[in-house]
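>>> A structural model of the following input is requested.
(4 chains)
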Number of protein chains: 2
Amino acid sequence: MAPSTSAAPIAETLGRRGLRLTGARQRVADMLEKRRGTFTAADLLEDASRSDAAVGRATVFRSLDLFTELGLLERIDLPTGDHAYVVCEPVHHHHVVCSVCGRQTEVEDAGVQAIVAEMERQTGYRIDRHRLELYGTCAACRSAEQPS
Amino acid sequence: MAPSTSAAPIAETLGRRGLRLTGARQRVADMLEKRRGTFTAADLLEDASRSDAAVGRATVFRSLDLFTELGLLERIDLPTGDHAYVVCEPVHHHHVVCSVCGRQTEVEDAGVQAIVAEMERQTGYRIDRHRLELYGTCAACRSAEQPS
DNA sequence: GTTTTTGCAAACCATTTGCAGGGTC
DNA sequence: GACCCTGCAAATGGTTTGCAAAAAC
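Sure thing, here's the model as predicted:
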């Protein structure tokens, strides 16, 4: 039950907006698919230079922005203040990030909506977006780092 | 029942850690007290230069870090990706930020803990910190911007 | 053929750091 | 008097921009 592969939609998503499917964008998309968990622009920049089919610095940043706008990527903020990205589904959800290995898992909105509604009532604000990011240690890293 | 004023505690908090209460830190603290809602380092830098009793760029950044570490400030990330700060109580809570005027309100953990626990169960992660930031429009801005 | 996109290099901006002088305990 | 802190200016690191050449439609 794979909800959607990020491979095909790219061309389509670009086309739908009259944007061009260029080699560079394709190469960035490929780099994204190989990524697991969170990564920074610097990570991708490294991929871009390492790779035989290189992509310029500026283009990497431009693609990152573009893909984020298109909803293929999401930008999150690590506790350190660094900006990171994750490939994700364009539906509302939250990220649980492993501080050890960077792996991330998406979880659905298990009751957050209700809390948001409650907070609207408490504060008098109309809340139109929220961000919940969770940081911890994933199961794998937990067993690995088992203290003596 | 005001839990704590941010005025007096500064000297005390510094002293408790063997840090010095210097003129510069005092001036930064004063600038913080005059702030409402969120502000960026740049905002403070501007205050620092405008003010008759100026504080150097580096010192502003150093104080911001220090005060954040001491729990007098919290650093949050705006949807734009910019880093911002808010003066706040050193207890766990969340921020509701007005996208129009930058004002912010703190709300307590109305059930978030339960959700976090649920997400731990769902993902297998041990979650040790989380961040919930909410963005919207405050009551005042809502009535002000009333569309025709 | 027209328009978008790329890549480079230079420009920018926010933040950090080294260091000598000054302030605080 | 010893040590911490400040301020300056220079260094840094990440990200953006101008522009001419190249690619996509």
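>>> centroid-nearest residue for chain A?
A:Val86 (1.8 Å; C-alpha atoms, centre = their mean).
>>> could you say which helix or strand holds that one?
Taking DSSP states H and E as the criterion, A:Val86 maps to strand A:83-87.
>>> which residues touch the helix or strand following that strand?
Counting by DSSP H and E, the next helix or strand C-terminal to strand A:83-87 is strand A:94-98. Residues outside strand A:94-98 that contact it (C-beta atoms under 8 Å, 6 or more residues apart in numbering or on different chains): A:37-38, A:74, A:76, A:78, A:86, A:88, A:103-109, A:112, A:132-138, A:141, B:119, B:123, B:125, B:127. Every residue, glycine included, has its C-beta placed from N, CA and C.
>>> inside helices: which ones of those?
In this view, the contacts of strand A:94-98 that belong to helices under DSSP state H are A:Val112, A:Cys141, B:Met119, B:Thr123.
>>> might one say that the first one is in contact with B:Ile115?
Yes - using C-beta atoms under 8 Å as the test, A:Val112 is close enough to B:Ile115 to be in contact (6.1 Å).
>>> burial count for A:Arg35?
16 (other C-beta atoms under 10 Å in any protein chain shown).
>>> just give the closest residue to it, not the sequence neighbours.
Here the nearest residue to A:Arg35 in space, its sequence neighbours aside, is A:Val87; by C-beta to C-beta, 6 or more residues apart in numbering or on different chains that works out to 6.4 Å.
>>> quick check: the one you found touching A:Gly71?
No - in this structure A:Val87 lies outside contact range of A:Gly71 using C-beta under 8 Å: 10.7 Å.
>>> quick one: which of the ones in helices among the contacts of strand A:94-98 is nearest A:Ala11?
Closest approach to A:Ala11 among these (C-beta to C-beta): B:Thr123, at 32.3 Å.
>>> quick one: the closest one from A:Val116, how far?
Remark: distance between B:Thr123 and A:Val116 (C-beta to C-beta, to the nearest Å) = 21 Å.
>>> report the buried residues of stretch A:81-90.
Neighbour counts over stretch A:81-90 (16 or more other C-beta atoms under 10 Å in any protein chain shown) mark A:His83, A:Ala84, A:Tyr85, A:Val86, A:Val87, A:Cys88 as buried.
>>> which one of those is nearest DNA strand C?
Nearest to DNA strand C among these, counting by C-beta to the nearest atom of the strand, is A:His83 at 11.6 Å.
>>> outline the domain layout of chain A.
Domain assignment for chain A, taken from automatic domain parsing, gives A:1-90, A:92-148.
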